[in-house]
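S.K.: Curious how this folds, go ahead:
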Amino acid sequence: FTDCTFNANRGGTGGLLVGDRGGDGVLELLGSDVTLTRCTLQSNEAGVGGGHGAVLAIDSTLEIVDSTVSQNNAVAGAMGFGTGAVAVGGTSSLTVLGTSFSDNIGVDGPGGIDIDQGVAFQIEESSFLRNEGASAAHAAGALHIRSAGTVVDCSFTANVGAAGAAGAVTIRNGGQIRASLFQSNEGGIGSGPKAGAGALELQGQIDMVIRACEFFENVGGAFPGGTGGAGAVSIRGPHDSLLENCLMWRNVGGDGLLGGAGAVRVNSGSVIGRTEILNATVTQNEAGASSGPDAGAAGVQVTELSEPTIVNTISADNTGGDEIVCTDCSTGPTVVHSVVSGGYPGAGNLDVDPRFVGPLAGNFRLECPSPARDAGTSVGFSLPPRDLDGLPRVRDDEVDIGAYEVVSPGAGTRYCVSLPNSTGMAALIDAGGCNSVGEEFLPLRARPVPNTVGLFYYGPAQIQIPFGDGFRCVGGGGGSFYRLRLRQIEN
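M.R.: Residues are numbered from 1 along each chain as shown. Model (predicted):
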């Protein structure tokens, strides 16, 4: 289907195929291959008896490209649940590219897309706005995922989860989300064992990956009789998932007997789970209000047998409780080479101002210099190759703390081509640091030249003339050039 519009259809009377349980609003695919390109599916509704608002695909190949899916509604019925827009199951494959999902409402299901076990899927460059799940704990506002696949470069804004469900996305048993924005989503109020996280919930026993995502102003669900939902992310179950290169700011945990964590809650239950949080920046979040005797975690809350490892992470300037809190833990988290306001035990941890460039404006890159610069570690951990801006994460075996690497303006251009020296390697002379004289931070390095002092010269012109055993590569008018005075020499 190309350049098509499906508007105000109703399953049972206006759908293309009617099933025994009540028809789906637009399409019901059984063993079919269908592509929707530049199509609009709007204001459709499942038929009486229960169904999905727009599309159901079983054992089919479904592609939705550059389309608009909005204001579709599921209907409760004998089948027990319905997705507001699209449901995919069986041995299907799903591809969604450049498509917007908005104002869809599920019943006992998510508002946007439900992906069942065994479905291969990829969702890229798509947006999910104001979708709403209803009536069940698996009814996240935008996506409910139970299979391995990828969500890349998507935005989730102002979605609302059903009671006990995440505001935007619930992932069970596999899946990966990269380079996506979660903003102003709201978790469902407490139901059964939990309240919904503001943005994202990871469940099950299969590892999941959340990489290079931003979580901003999401709100966890309230739970007067239990623990409020985490402001941004809830990690539940005995899996070893990975949360890396993520920025979490101004999220708010849900109120409860124990206030929800401002940013992240990790709870593996009665089985050990070893989630890793690598190079995250967690700041300006707020724990939910507690009606009980204990305060929630302003940044990260760890419970029961969870044993997460937190590495190269900034948890600073969060409010409403301690930065990292261990509740009913047997062992608790391992925190190393991280900046934690108020301090936290662990090798290389710092209780300092990380010196963000513009925290009031939402710029959490590091100033030059920052105490978090080169204070991280790459030993024993598989760090991401690039930071949240896409810049190299590890430089000369050095790594910064937080989601961003410091961008060094450098001190000029290196003109010469290095030649092998006595070590058998080519020497390298470089400069980094800051371009502000007031910072007094200009590291100059010559290596590998053991037991030898590097001489640094600068000038306005590139030249190449004999100089000692090598060449001089800078000069100026009349051959003038200048030597930088050394303040400190290090091997």
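
S.K.: neighbours around the residue nearest to residue 115 when sequence neighbours are not counted, how many?
M.R.: Excluding its sequence neighbours, the residue lying closest to residue 115 (CB to CB, 6 or more residues apart in numbering) is residue 145, at 4.8 Å. Any C-beta I mention is one placed from the backbone N, CA and C, and that applies to glycine too. Here the count is done by other CB atoms under 10 Å, and residue 145 has 29 residues near it.

S.K.: didn't residue 145 look like it was pressed against residue 176?
M.R.: No. With contact defined as CB atoms under 8 Å, residue 145 does not count as touching residue 176 (9.9 Å).

S.K.: Give me the pLDDT for the residue nearest to residue 115.
M.R.: At residue 145 the predicted local distance difference test score is 93.

S.K.: mind listing what it touches?
M.R.: Counting by CB atoms under 8 Å, 6 or more residues apart in numbering, residue 145 touches 115, 121, 151, 169-172, 174-175.

S.K.: Next one: the closest residue to residue 461 other than its chain neighbours from residue 469, what distance?
M.R.: Spatial nearest neighbour of residue 461, chain neighbours left out: residue 475 (5.1 Å); criterion: CB to CB, 6+ apart. With distances defined as CB to CB, to the nearest Å, the gap from residue 475 to residue 469 amounts to 19 Å.

S.K.: what residue lies at the spatial centre of the protein?
M.R.: residue 213 (2.6 Å; CA atoms, centre = their mean).

S.K.: contacting residues around that residue?
M.R.: Residue 213 makes contacts with 177-182, 246-247, as judged by CB under 8 Å, 6+ apart.

S.K.: do residue 346 as well
M.R.: Residue 346 makes contacts with 334-338, as judged by CB under 8 Å, 6+ apart.

S.K.: Just the pLDDT for it.
M.R.: Spelled out, the predicted local distance difference test score at residue 346 is 95.

S.K.: ok, now residue 373?
M.R.: According to the per-residue confidence, residue 373 scores 91 in pLDDT.

S.K.: sec struct for residue 360, please.
M.R.: For residue 360, the secondary structure call by DSSP: H, G, I helix; E, B strand; the rest coil comes out as helix.

S.K.: What count of nearby residues applies to it?
M.R.: 7.

S.K.: ditto for the one 4 residues further on
M.R.: With neighbours defined by other CB under 10 Å, the count for residue 364 comes to 25.

S.K.: same deal with residue 480?
M.R.: The burial count assigned to residue 480 is 10, neighbours taken as other CB under 10 Å.

S.K.: Am I right that it is in contact with residue 461?
M.R.: No. The criterion here is CB under 8 Å, and residue 480 misses it with residue 461 at 9.4 Å.

S.K.: what residues are up against residue 277?
M.R.: If you count contacts by CB under 8 Å, 6+ apart, residue 277 has them with 243-244, 264, 300, 308-311, 313.

S.K.: What about those residues, which are in strands?
M.R.: When strands are assigned by DSSP state E, the members of those inside them are 243-244, 264, 300, 309-311.

S.K.: who has more neighbours, residue 475 and residue 469?
M.R.: Comparing residue 475 with residue 469 by neighbour count (other CB under 10 Å), the higher total belongs to residue 475, at 19 against 7.

S.K.: Rank the contacts of residue 145 by pLDDT and give me only the lowest.
M.R.: Comparing pLDDT over those, residue 174 scores lowest. The value there is 79.

S.K.: if I've got this straight, residue 292 is in a helix?
M.R.: No. Remark: residue 292 does not belong to a helix; assigned using three-state DSSP, it is coil.

S.K.: Just give the closest residue to it, not the sequence neighbours.
M.R.: In space, residue 292 is closest to residue 257, 4.4 Å off (CB to CB, 6+ apart).

S.K.: for the record, mean pLDDT for the helix or strand where that neighbour lies?
M.R.: In this assignment (DSSP states H and E), residue 257 forms part of strand 256-258. Mean pLDDT, strand 256-258: 93.

S.K.: packing partners for it?
M.R.: Counting contacts by 3 or more CB pairs under 8 Å, 6 or more residues apart in numbering; DSSP states H and E, strand 256-258 packs against strand 223-227.

S.K.: Tell me which strands the strand it packs on pairs with, and in which orientation.
M.R.: The partner list of strand 223-227 in its sheet, established with DSSP bridges, is strand 256-258 (parallel).

S.K.: hmm, back to that, just give me the closest of the ones in strands among the contacts of residue 277 to residue 88.
M.R.: Proximity of the ones in strands among the contacts of residue 277 to residue 88, judged by CB to CB, is greatest for residue 243, which lies at 26.2 Å.

S.K.: For the nearest residue to residue 218 once chain neighbours are set aside, give me its contacts.
M.R.: With CB to CB, 6+ apart as the criterion, residue 218 has its nearest non-adjacent residue at 3.1 Å, and that residue is residue 198. Shown in contact with residue 198 (CB under 8 Å, 6+ apart): 166-167, 182, 185-187, 215, 218-221, 229-232, 251-254.

S.K.: any idea how far the residue nearest to residue 292 lies from residue 68?
M.R.: Taking CB to CB as the measure, residue 257 falls 42 Å from residue 68.

S.K.: what's the answer for residue 252, then?
M.R.: Taking CB to CB, one finds residue 252 at 31 Å from residue 68.

S.K.: between these two, which one's more packed in?
M.R.: Neighbour comparison, residue 252 and residue 68: the larger count goes to residue 252, with 27 against 16 (by other CB under 10 Å).

S.K.: Can you list the low-confidence ranges for the stretch 251-400 of the chain?
M.R.: By pLDDT under 70, the weakly predicted segments of the stretch 251-400 of the chain are 270.

S.K.: which residues of it fall in strands?
M.R.: Taking DSSP state E, counting those that start in this stretch to define them, one finds strands in the stretch 251-400 of the chain at 256-258, 264-267, 276-278, 281-283, 300-303, 309-311, 314-316, 324-327, 334-336, 339-340, 356-358, 363-366.

S.K.: Out of those, the one nearest residue 85 is which?
M.R.: Comparing the strands of the stretch 251-400 of the chain by their distance to residue 85 (CB to CB), the top pick is strand 264-267, with 28.5 Å.

S.K.: Walk me through which strands that closest one pairs with, and which way each runs.
M.R.: Counting by DSSP bridges, the strands paired with strand 264-267 are strand 233-236 (parallel), strand 300-303 (parallel).

S.K.: Mark which of the contacts of residue 277 are buried, thanks.
M.R.: 243-244, 264, 300, 308-311, 313 (16 or more other CB atoms under 10 Å).

S.K.: Tabulate those (JSON lines), appending distance to residue 111.
M.R.: Formatted as JSON lines, the entries for the buried ones among the contacts of residue 277 read as follows, by distance: CB to CB, whole Å:
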{"residue": "243", "distance to residue 111": "25"}
{"residue": "244", "distance to residue 111": "28"}
{"residue": "264", "distance to residue 111": "24"}
{"residue": "300", "distance to residue 111": "29"}
{"residue": "308", "distance to residue 111": "30"}
{"residue": "309", "distance to residue 111": "34"}
{"residue": "310", "distance to residue 111": "33"}
{"residue": "311", "distance to residue 111": "35"}
{"residue": "313", "distance to residue 111": "32"}
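
S.K.: quick one: which of the residues you listed is nearest to residue 455?
M.R.: The nearest member of the buried ones among the contacts of residue 277 to residue 455, counting by CB to CB, is residue 311 at 38.2 Å.

S.K.: What about the closest residue in space to residue 93 that isn't next to it in sequence, how many residues nearby?
M.R.: Ranked by CB to CB, 6+ apart and with sequence neighbours excluded, the top spatial neighbour of residue 93 is residue 120, at 4.4 Å. Residue neighbour count, defined by other CB under 10 Å, stands at 15 for residue 120.
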